[in-house]
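*Asks:* Give me the fold of what follows.
(chains A and B)
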Amino acid sequence: AQKVTQAQTEISVVEKEDVTLDCVYETRDTTYYLFWYKQPPSGELVFLIRRNSFDEQNEISGRYSWNFQKSTSSFNFTITASQVVDSAVYFCALTSYSGGGADGLTFGKGTHLIIQP
Amino acid sequence: DAGVTQSPTHLIKTRGQQVTLRCSPKSGHDTVSWYQQALGQGPQFIFQYYEEEERQRGNFPDRFSGHQFPNYSSELNVNALLLGDSALYLCASSAQGLRWNTEAFFGQGTRLTVV
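*Replies:* I've put the predicted structure just below:
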């Protein structure tokens, strides 16, 4: 069975601080994808990044960066110089591939990020 | 380009009733998945439809059923509603043909309240 753990239920920081959201996953599959989604109060899940299990290269996109480490089964997300608009619930998710296509996503419980002005 | 659209946005039902939720996938997408998100929790996978068939199912009872139409739109049906079915129901679409580059796009969800 797959599992995603986001141990931080809520994080509150002051604007312009850096913040890291932790994600630890469990899977027996060798081929899998990891995702981060952002959920603002409107409810829609906004895709942020996808990383496959064969690519451990870290990625940076503007103020966002992701650190994938297979050795520790972690896929952490860092926001540099946080802004109030970053306030949302962030979900880490995992899927593997079987048969003819993608399996359903397994989500963590989410981290509620609060950026105070 | 319209994204994933869901209807209705909000719904109130009574215990024991039946409900149907609808989803239109993003243009070019042929696979629809449904998720249930209880308050304060992460979304949980209900099932996935591709080529009008249920391909995969999560840990949900048979009261939850679905359908996919030839135009790839989908319905989620829940029978004999329980108070515990109150949640945000999210629909996600993806392009099955892009197996190694698949990403799911989510709709804004349907907020179901069972009273």
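*Asks:* Tell me where chain B has strands.
*Replies:* All strands of chain B, identified by DSSP state E, fall at B:5-7, B:10-13, B:19-24, B:31-37, B:44-50, B:53-57, B:64-68, B:74-78, B:87-94, B:105-106, B:110-114.
*Asks:* quick one: A:T27 and A:Y33 touch, right?
*Replies:* No. With contact taken as Cβ atoms under 8 Å, A:T27 and A:Y33 are classed as non-touching, separated by 10.3 Å. C-beta: built from backbone N, CA, C; applies to glycine.
*Asks:* Give me the more crowded residue out of those two.
*Replies:* Here A:T27 and A:Y33 are compared on neighbour count by other Cβ atoms under 10 Å in any protein chain shown; more neighbours surround A:Y33, at 21 against 18.
*Asks:* Dig out what that one forms beta bridges with.
*Replies:* Listed by DSSP bridges, the beta-bridge partners for A:Y33 are A:N52, A:T95.
*Asks:* A:N52 is in contact with that one, correct?
*Replies:* Yes. Between A:Y33 and A:N52 there is a contact at 5.3 Å, judged by Cβ under 8 Å.
*Asks:* still on that earlier bit, what is in contact with A:T27 and A:Y33 at once?
*Replies:* When contacts are counted by Cβ atoms under 8 Å, 6 or more residues apart in numbering or on different chains, the set common to A:T27 and A:Y33 consists of A:94, A:96.
*Asks:* Next up, the contacts around the closest residue to B:L83 other than its chain neighbours.
*Replies:* Leaving aside its sequence neighbours, B:L83 sits nearest to B:V114 (Cβ to Cβ, 6 or more residues apart in numbering or on different chains; 5.3 Å). Contacts here follow Cβ under 8 Å, 6+ apart; on that basis B:V114 touches B:12-15, B:81-86.
*Asks:* Ok, B:Q41 next?
*Replies:* Taking Cβ under 8 Å, 6+ apart, one finds A:109-110 in contact with B:Q41.
*Asks:* picking up where we left off before, return the closest of the contacts of B:V114 with respect to B:Y50.
*Replies:* B:D85 (24.8 Å; Cβ to Cβ).
*Asks:* Do I have it right that that closest one meets B:L112?
*Replies:* Yes. Here B:D85 lies in contact with B:L112, judged by Cβ under 8 Å, at a distance of 6.6 Å.
*Asks:* Can you name the residues of chain B that neighbour chain A?
*Replies:* Contact residues (Cβ under 8 Å from any Cβ of the partner chain) of chain B with chain A: B:31, B:33, B:35, B:40-45, B:47-48, B:50, B:55-56, B:58, B:88, B:90, B:92, B:94, B:96, B:99-100, B:102-109, B:111.
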